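J.: Structure here, sequence nowhere to be found:
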């Protein structure tokens with residue numbers, strides 16, 4: 001496993017109304033959460049690979065649908081991948097020094113908590129190409145839907 005990455009199983013408590021799951025417990029995380037972001041992505045979208053030099057960590061969770069989380073340890077070249085969402089209710093904690101991203105395996109609703117607030121004037125956002133040879137084989141698609149930024153990283 002890539003250093004510092006954690007998979008956190010989400011235990012669901014179900015009854016006739018639906019289910020409840022505890023997503024995040026601050027006392028179990030290495031750093032406090034400072035911001036939460038919610039993203040809807042269409043099937044085939046890849047967001048990333050991104051990393052943060054100033055220490056922002058992320059806690060990923062797929063609330064609806066399925067995503068493939070891909071992580072690259074920039075120092076060792078080790079990789080990690082986990083499909084999370086409807087079929088695998090889990091959260092993934094990602095130290096920001098690692099390049100990370102996700103692919104929408106279905107249309108999905110994706111939540112990520114971060115340990116630093118986004119600074120529009122001085123963003124701590126850096127990237128690697130989604131098809132970097134160390135991770136290209138981990139995605140399920142060879143022709144993803146990308147943002148302009150991710151297409152040229």
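T.: Sure thing, it's come through. Keep in mind it's a predicted model, so treat the numbers as computed, not measured. Numbers count the residues shown, from 1 in each chain.
J.: For the rest of this, base every contact and every neighbour count on C-alpha atoms.
T.: Fine.
J.: got a list of what residue 139 touches?
T.: 68, 70, 103 (Cα atoms under 8 Å, 6 or more residues apart in numbering).
J.: And it, how far from residue 56?
T.: Going from residue 139 to residue 56 by Cα to Cα, to the nearest Å gives 24 Å.
J.: Check what pLDDT the residue sitting nearest the centre point of the chain gets.
T.: For the chain, residue 60 is the residue whose C-alpha lies nearest the centre (Cα atoms, centre = their mean; 4.5 Å). For residue 60, the pLDDT comes out at 98.
J.: so what does the helix or strand of the chain with the lowest mean pLDDT touch, helix or strand wise?
T.: Scoring the helices and strands of the chain by mean pLDDT, DSSP states H and E places helix 148-152 at the bottom, with a mean of 83. Packed against helix 148-152, as judged by 3 or more Cα pairs under 8 Å, 6 or more residues apart in numbering; DSSP states H and E, are the following elements: strand 46-51.
J.: just to revisit the earlier point, top of the contacts of residue 139 by number of neighbours, please.
T.: residue 103 (27 neighbours; other Cα atoms under 10 Å).
J.: Please list all residues in contact with that residue.
T.: Residue 103 neighbours (Cα under 8 Å, 6+ apart): 43, 44, 45, 46, 47, 67, 68, 69, 139.
J.: wait, the third one sits on residue 144?
T.: By that I understand residue 45. Yes - assessed by Cα atoms under 8 Å, residue 45 is found in contact with residue 144 at 5.5 Å.
J.: which regions of the chain sit below the pLDDT cut-off?
T.: 153 (pLDDT under 70).
J.: Is it correct that residue 106 is in contact with residue 66?
T.: Yes - Residue 106 lies in contact with residue 66 (Cα under 8 Å); the separation is 5.6 Å.
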